[in-house]
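Novice: For reference, the sequence and a predicted model appear below.
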Protein chains: 2
Amino acid sequence: MKLLDLYAKMKGDLDVIERELARSVTSDHALLSETSTHLLKAGGKRIRPVFVLLAGKFGDYRLDVLERIAVPLELIHMASLVHDDVIDNAQTRRGQLTVKSKWDNRIAMYTGDYIYGKALTVATELRNPLVHQILSKAMVQMCVGEMEQIRDFFNTEQSIRNYLRRIRRKTALLIAISCQLGAVASDANRTIANQLYRFGYNVGMAYQIGDDLLDLLGTEKQIGKPPGSDIRQGNITLPVLLALQEPALRDGLLNEINKIRESDGAGETNTVLNIIRKSGGIAIAEDLVSRYIAKAIAALNQLPNIPAKKSLTDIARFVSKRSY
Amino acid sequence: MKLLDLYAKMKGDLDVIERELARSVTSDHALLSETSTHLLKAGGKRIRPVFVLLAGKFGDYRLDVLERIAVPLELIHMASLVHDDVIDNAQTRRGQLTVKSKWDNRIAMYTGDYIYGKALTVATELRNPLVHQILSKAMVQMCVGEMEQIRDFFNTEQSIRNYLRRIRRKTALLIAISCQLGAVASDANRTIANQLYRFGYNVGMAYQIGDDLLDLLGTEKQIGKPPGSDIRQGNITLPVLLALQEPALRDGLLNEINKIRESDGAGETNTVLNIIRKSGGIAIAEDLVSRYIAKAIAALNQLPNIPAKKSLTDIARFVSKRSY
């Protein structure tokens, strides 16, 4: 099944989530409602809600319960993006002005805080302490991941293990718990919840590596912001680390990265992108995406053969084939 | 009893809270542990933990439960301060360098996010969904209060009702729930918890008005930062709003506030401070402090006569007599 067909099939329930998302960030404070709604309307694939709903199918599927998992997860993701944009000094995301650029950094900071708070408030409407605990721990891990990213800006000596740990915290963990919590909240048994966690974790890792590849290989139209944004802000991703391991490329690449660093965000990235695109790092990173996807699909093997299992497999396959 | 004697009497339990605070922000991420520990060591009166512990005396006092209320409340307060300092561009707080000044704005932002997350993680160790809900709602309200403060920077036309609503969200609410949750977590009955909430709310209002007076009347040594910091950043507090209502002062004051606004934080505040200090607004604000304190003490009247009731009364009296 194509991804669009999957979304079409889930449209009724996703529309409910969308309405709840909008409702959750509406407050008596006009500006916070406005900034949050701007963020919501900028769109996104709502992949975390999709995972929550599909995972819920392995237990007792109750939309009124699942929405209190899906909405907080999407909100935590949104809050982290709005704070990211402050750090990255990003002007656009998904082709829309960021909150920090349409308003300012201060407003973006409090919008993020507000959305984090709202996320946890919605989750606490479910009187399930385990869910609250998993969500707040994930929020902590995401912050640690973001701090690691700042610490490692322009660090060309970091290990690949370092990169993988960072994307685990920054991305994979939230997707893993989307799958896990959908099952937990639906009273699916623990083995099922754990397998779904494994599925989500591996899809999340593959997704982030794919995203990092896209930033190097995609066009501005495809990715909604100029290619090379990562390296311009100092975020050294997997294909760059791999290219740095090639003796023939290393010195030239270090030199170019240094130029970008010294230009303070204003430098051109064409040369560095060309070096990396020609490197063997691209194929190795793509291969790693495939391996994570294979592990994700393997995690599904133990699960009962319900339609949701096929949908999760389809999503995993789609992540593995994102076009750069 | 003097306040120092009260702290001395509670020292054993407050030391436990202090250790738990330190433990709670320690992570495997060195920089986050360092920035958070810097914040903790900058001190503070730990008034929220004090209220939690005293409120706990009205029920079944269990320190291992109360610490999981006191630590999150102090952490939420700290996280809001570190984000405030970014907004206010503050170089020092309590005579110590702020995180944003010792490190930078980006690190301060993620340190705040991290501490908010840790706060909720500690709270979720108590499997009490009501506690989680009250905490996350308080976090949302505080963000709304902070945003209102930004919106109203240099707004000399705002009403006093507006000011009071803002400090309720920014300050009074967290102190109110410190008292309430100490009782709730100790299984005190609902009437007691509600009266303690009322006590905390009124003390919190008095405290913030007192703090705003202190910023206008105190010396740099007393307040740990230069006097007039509020007005320099555009935060128009109660005595200023009251002085603006005096026809003889209004035009001169508006003119001076406008100069400060146009100087973009670099202007001198002596003239404006002198106008406000001579105004009748000081006495009216001081009177309002006394009225909130009287209401706080009245809220205690219904409560059983245990030593903690006397301690809460002493704290309320102390708040009413802070020396400017």
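Specialist: Arrived safely, thanks for sending. Numbers count the residues shown, from 1 in each chain, chains lettered A, B, ... in the order given.
Novice: How about the stretch 201-324 of chain A: which residue is closest to chain B?
Specialist: Chain B sits closest to residue A:233 of the stretch 201-324 of chain A, with a gap of 11.0 Å, by C-beta to the nearest C-beta. In short, each C-beta sits where N, CA and C put it, glycine included.
Novice: Pretty sure that residue sits against residue A:84.
Specialist: No: contact criterion C-beta atoms under 8 Å: residue A:233 and residue A:84 do not qualify, at 10.0 Å.
Novice: Close to chain B: what parts of the stretch 51-200 of chain A are there?
Specialist: By the rule C-beta under 8 Å from any C-beta of the partner chain, the part of the stretch 51-200 of chain A lying against chain B is A:83, A:86-87, A:105-107, A:109-110, A:112-114, A:116-118, A:120-121, A:123-129, A:132-133, A:135-137, A:139-140, A:142-144, A:146-148, A:150-151.
Novice: Next SSE downstream of the helix or strand where residue A:142 lies?
Specialist: Assigned by DSSP states H and E, residue A:142 belongs to helix A:129-151. Next in sequence after helix A:129-151, counting helices and strands by DSSP H and E, comes helix A:160-167.
Novice: Report all helices and strands that that next one contacts.
Specialist: For helix A:160-167, the packing partners by 3 or more C-beta pairs under 8 Å, 6 or more residues apart in numbering or on different chains; DSSP states H and E come out as helix A:129-151, helix A:190-217, helix A:238-244.
Novice: That helix: what's the following helix or strand?
Specialist: Assigned by DSSP H and E, the successor of helix A:160-167 is helix A:173-185.
Novice: What segments of the stretch 201-324 of chain A are helices?
Specialist: Counting by DSSP state H, counting those that start in this stretch, the stretch 201-324 of chain A has helices at residues A:220-223, A:229-233, A:238-244, A:247-263, A:270-278, A:281-300, A:307-320.
Novice: wait, doesn't residue A:146 sit right on residue A:171?
Specialist: No: the pair residue A:146 / residue A:171 is not scored as a contact, 10.8 Å apart, by C-beta under 8 Å.
Novice: what's the closest of the helices of the stretch 201-324 of chain A to residue A:188?
Specialist: For residue A:188, the closest of the helices of the stretch 201-324 of chain A is helix A:307-320, at 10.9 Å, according to C-beta to C-beta.
Novice: What is that closest one packed up against?
Specialist: Using 3+ C-beta pairs under 8 Å, 6+ apart, the elements in contact with helix A:307-320 are helix A:3-9, helix A:47-56, helix A:190-217, helix A:281-300.
Novice: Check the spacing between residue A:285 and residue A:315 real quick.
Specialist: 20 Å (C-beta to C-beta, to the nearest Å).
Novice: I misspoke; the intended subject was residue A:141.
Specialist: Counting by C-beta to C-beta, the gap from residue A:141 to residue A:315 is 23 Å.
Novice: How about the contacts made by residue A:219?
Specialist: Taking C-beta atoms under 8 Å, 6 or more residues apart in numbering or on different chains, we find residue A:219 in contact with residue A:227.
Novice: Near the residue of the stretch 201-324 of chain A closest to chain B, how many other residues are there?
Specialist: Neighbour count of residue A:233, defined by other C-beta atoms under 10 Å in any protein chain shown: 18.
Novice: for the one 4 residues further on, same thing?
Specialist: A count of nearby residues for residue A:237, using other C-beta under 10 Å, gives 22.
Novice: Just to check, residue A:37 is in contact with residue A:22?
Specialist: Yes: judged on C-beta under 8 Å, residue A:37 makes contact with residue A:22 at a distance of 6.8 Å.
Novice: where are the low-confidence patches of chain A?
Specialist: Applying pLDDT under 70 to chain A flags residues A:1, A:28, A:265, A:323-324.
Novice: what residue of it is the furthest out?
Specialist: Distance from the C-alpha centroid of chain A, by C-alpha atoms, centre = their mean, peaks at residue A:248 (33.2 Å).
Novice: show me what contacts that one?
Specialist: Under the criterion of C-beta under 8 Å, 6+ apart, residue A:248 has no contact partners.
Novice: Next, the angle from the helix holding residue A:142 to helix A:190-217.
Specialist: Interaxial angle, helix A:129-151 versus helix A:190-217 (axes from the mean of the first three to the mean of the last three C-alpha atoms, to 10 degrees): 20 degrees.
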